[in-house]
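> Pasting the sequence and the predicted model now:
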Amino acid sequence: MEIIVDAALILCTMAHSESNFGRRELKLPAMNHLSVVAAALAGLAAAVNTLPAQSWTQTSAPSTNWSCVASSADGSRLVSGVDGGLIYTSTNSGASWTATSAPTTNWSGIASSADGARLVGMCPFALYASSDFGSHWAVALDSTPLEFGAPFSGVVSSSDGTILTALTDRLLVSTDSGTAWTWVGPDVPVEVVLNRVACSANGRKLALGEEILGGPPAAAVVEFFTDTGTNLVSDGFMAGILPSGFAHWAALASSADGTKVSALLDYPSPSGCPGQLWYTWDSGVTSMTNCLPASTWTALACSADGTALAAVAAGDAIYISTNSGATWAPTTVPSGNWSSVASCADGTRLVAVADGGGIYAWQAAPRPALNITPSGNDVVVSWVVPSMNFVLQQSPEVASRNWTDVTTSPVLNLANLKNEVRVPAPAGPTFYRLMSR
């Protein structure tokens, strides 16, 4: 595949870092089969190419009561649970599925590490964990002996699978993949119900959905916390307040850094709006909301940077946003009782499951943008983990046909779900690009 660069399409912006590196960002718009993004730092540049988008396709998974699904960072490894059935895994983005040894029970939630190795499954009164891609499972937590014996309503995992957070009437946290657990709060009044939780890639930034009973007005709050390891520190909140009715958070989703959080508010609206999406890019300091085109929302997923969103509704379509929820578009997929949806890190691979239906997969053209930052005498080239294999290449000329592979292997930064390559800062102009393999 050949990179085509048209200098007339380049838009340049200039900035300077504290290290006095000159930085230029060159962006080229999509050209049908090709999208190029170039970035330069101290004379460096980067370019990537992408493939055409695809639509939803039904996978080979059996038709049953699918209730939950999770994805690895690259979208290749998937795990899904059945309400009243087993847990299944896929190693090829849903092309084939294998039943695991997890017990038959009412699975209602599931979470995965970035590599898909560490998994945790949730049923009403127990959590099960696997450290070998779902081959073996063991009870990680039983809620019945706990102080209140409340059922679990959510479970999330850090990208390395070591920090797990489970939600009952309070939060429980494990820092050793589910071996030991600690109550971390928060203590809330009786009129507040905790019903949703999301976390950052490092597992320490939490978003907690809270419903306040006793309206009108009806109110639902998403509160943001930092888990210090010993207690929760509140970072802020965003609130959805309605003149009447019942405010209910249907789903939460968090970016890798934990600052960008989306929340689906499902409620009977007197204004005729079926549902709302609330979005914050700074842990609740500022937020926006807009009306969504469907009701009975059930699940929400987002990319690592929080810009690509997917939302599913029972008895309706699957909706996608590429601008953090500012606008939404329905996708072409059979109407179903969609119960869960998951996204890979770059947002270009999605998987959705239906209660009483099948599992569907969706893929769009990856558009991995390269970032180049100084680090001592080196530079770090990074990009969000893509949903297909790319190789970093370099060349002294952007229009050259003689690009060479960078020999340094990328290292996954689990804090931001980015591949990073550290190379010595070159003396002259050097261009970088990602090529699919």
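Nice, I can see it.
> Tell me the spatial nearest neighbour of residue 333, not counting adjacent residues.
residue 56 (4.2 Å; CB to CB, 6 or more residues apart in numbering). Bear in mind the C-beta positions are built from the backbone N, C-alpha and C, glycine included.
> got the domain boundaries for the chain?
7-51+367-436, 57-363 (automatic domain parsing).
> re the thing from before, I'd say the residue nearest to residue 333 and residue 360 touch.
Yes: counting by CB atoms under 8 Å, residue 56 does reach residue 360; the two are 4.8 Å apart.
> higher neighbour count, those two?
Neighbour totals were compared for residue 56 and residue 360, and residue 360 leads with 24 against 16 (other CB atoms under 10 Å).
> what's the distance between residue 198 and residue 96?
In this view, residue 198 and residue 96 are 30 Å apart by CB to CB, to the nearest Å.
> Ok, residue 357 next?
18 Å.
> And those two? Which one has more around it.
residue 357 (20 against 13).
> Mind listing the residues bridging to that one?
residue 64 (DSSP bridges).
> from what I can see it touches residue 333, true?
No: using CB under 8 Å as the test, residue 357 is too far from residue 333 to be in contact (10.5 Å).
> rewinding a little: for the domains of the chain, give me CSV that also has mean pLDDT.
CSV is the format used below for those (pLDDT from 0 to 100):
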stretch, mean pLDDT
domain 7-51+367-436, 68
domain 57-363, 88
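> Pull the contacting residues for the closest residue to residue 122 other than its chain neighbours.
In space, and not counting its chain neighbours, residue 122 is closest to residue 109: 3.6 Å by CB to CB, 6+ apart. Residues counted as contacts of residue 109 (CB atoms under 8 Å, 6 or more residues apart in numbering) are 67-68, 81, 121-122, 152, 154-155.
> next one: residue 119
70, 79, 87, 110-113, 129-130, 133-134, 161.
> Turn these into CSV, including neighbour count, secondary structure and distance to residue 343.
Compiled in CSV, those are given as follows (neighbours: other CB atoms under 10 Å; DSSP: H, G, I helix; E, B strand; the rest coil; distance: CB to CB, whole Å):
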residue, neighbour count, secondary structure, distance to residue 343
70, 26, strand, 10
79, 28, strand, 14
87, 24, strand, 19
110, 25, strand, 14
111, 25, strand, 13
112, 26, strand, 12
113, 23, coil, 15
129, 23, strand, 22
130, 26, strand, 21
133, 19, coil, 20
134, 26, coil, 19
161, 24, coil, 18
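> Tabulate those residues (a markdown table), appending distance to residue 344.
Shown next, in a markdown table, are these (distance: CB to CB, whole Å):
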| residue | distance to residue 344 |
| --- | --- |
| 70 | 11 |
| 79 | 13 |
| 87 | 19 |
| 110 | 15 |
| 111 | 15 |
| 112 | 11 |
| 113 | 13 |
| 129 | 22 |
| 130 | 20 |
| 133 | 17 |
| 134 | 18 |
| 161 | 16 |
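> bridging residues for residue 112?
residue 119.
> pretty sure it contacts residue 75?
No: Residue 112 is beyond contact range of residue 75, at 11.0 Å (criterion: CB under 8 Å).
> Run through the bridge partners of residue 362.
With DSSP bridges as the rule, residue 362 is bridged to residue 350.
> Check residue 157 too.
residue 164.
> All good on my end, thank you.
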